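Enquirer: Sequence below, structure please.
(chains A and B)
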Amino acid sequence: GAVVSQHPSRVICKSGTSVKIECRSLDFQATTMFWYRQFPKQSLMLMATSNEGSKATYEQGVEKDKFLINHASLTLSTLTVTSAHPEDSSFYICSARDRIVNTEAFFGQGTRLTVV
Amino acid sequence: QKEVEQNSGPLSVPEGAIASLNCTYSDRVSQSFFWYRQYSGKSPELIMSIYSNGDKEDGRFTAQLNKASQYVSLLIRDSQPSDSATYLCAVNSQAAGNKLTFGGGTRVLVKP
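Expert: You can find the predicted model right below:
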């Protein structure tokens, strides 16, 4: 399958600071990338859909000013958690869909964010 | 009613047996169906995709799709301890914005 690289894999930050997470498609072009968060023993919750060159579409209840998404190129999307709080601690996962084979989505390794 | 429903498990199977996982979905215009495997603390890994009614086999995995019944299943033959994980069913519908909707996952435990 296609390779999606997500960095960092783990990050610990202080309350009030911002954290940027990168998601790259390494061997394909992704017009669409998705950002999820997952709490322990729960399923994936879609936060937003990121389309190259346009504004992200956020799911209901997700604060767009808190979770900034940028999709500047066909291979890179970033999620910035601004003014992080302990309740933002979670597992954040991106996935990317191949521009050509627009069906399957491949996941990055995930980022474990801990806000202290 | 949840859009994609799975039994949370755990589904406990002895090594070498067949594990059978079920998934139902509510959006009748769904077009693409996927099974992902997720190990604890890791991100999901795509193991099967299926788009038309019937069976699709890949190694020890068989996916079955019945659009009339809005039902998709996954069979794991000759289950191994390494198959112990959470299996996520995902459904894609272009009518719903071409987004993947995930079920809650079924935890599978293969006992040696």
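Enquirer: Quickly note the distance from residue B:4 to chain A.
Expert: 9 Å (Cβ to the nearest Cβ, to the nearest Å). No exception for glycine: its C-beta is placed from N, CA and C like everyone else's.
Enquirer: Provide a list of residues in contact with residue B:52.
Expert: By Cβ atoms under 8 Å, 6 or more residues apart in numbering or on different chains, the contact list for residue B:52 reads residue B:65.
Enquirer: Same check on residue B:92?
Expert: Neighbouring residues of residue B:92 by Cβ under 8 Å, 6+ apart: A:103, B:30, B:31, B:32, B:33, B:34, B:98, B:99, B:100, B:101.
Enquirer: Can you classify it by secondary structure?
Expert: Secondary structure state of residue B:92, per DSSP: H, G, I helix; E, B strand; the rest coil, is strand.
Enquirer: need the next SSE after the helix-or-strand element of chain B with minimal mean pLDDT, C-terminal direction.
Expert: Using mean pLDDT, DSSP states H and E, strand B:99-102 stands out as the lowest-scoring helix or strand of chain B, at a mean of 87. If you walk from strand B:99-102 toward the C-terminus, the next helix or strand you reach (DSSP states H and E) is strand B:106-111.
Enquirer: Just the residues contacting that following strand, thanks.
Expert: The contact list for strand B:106-111, computed with Cβ under 8 Å, 6+ apart, reads B:6-15, B:19, B:21-22, B:76, B:79-87.
Enquirer: Quick check: the residue in chain B that chain A sits nearest to vs residue A:6, distance?
Expert: Nearest to chain A in chain B, going by Cβ to the nearest Cβ, is residue B:43, at a distance of 4.0 Å. Using Cβ to Cβ, to the nearest Å, residue B:43 is found at 8 Å from residue A:6.
Enquirer: shared neighbours of these two, which are they?
Expert: A:93, A:108, A:109, A:110.
Enquirer: Quickly list what the nearest residue to the second one once chain neighbours are set aside is bridged to.
Expert: Same thing as residue A:108. Leaving aside its sequence neighbours, residue A:108 sits nearest to residue A:6 (Cβ to Cβ, 6 or more residues apart in numbering or on different chains; 2.8 Å). Residue A:6 forms beta bridges with residue A:23, as assigned by DSSP bridges.
Enquirer: just the one 4 residues further on next, same as before
Expert: Counting by DSSP bridges, residue A:10 is bridged to residue A:112.
Enquirer: you'd agree it is up against residue A:111?
Expert: Yes: if you go by Cβ atoms under 8 Å, residue A:10 and residue A:111 touch, sitting 7.1 Å apart.
Enquirer: higher neighbour count, these two?
Expert: residue A:111 (25 against 9; other Cβ atoms under 10 Å in any protein chain shown).
Enquirer: okay, the more buried one: pLDDT?
Expert: pLDDT for residue A:111: 97.
Enquirer: Thanks again, I'm all set now.
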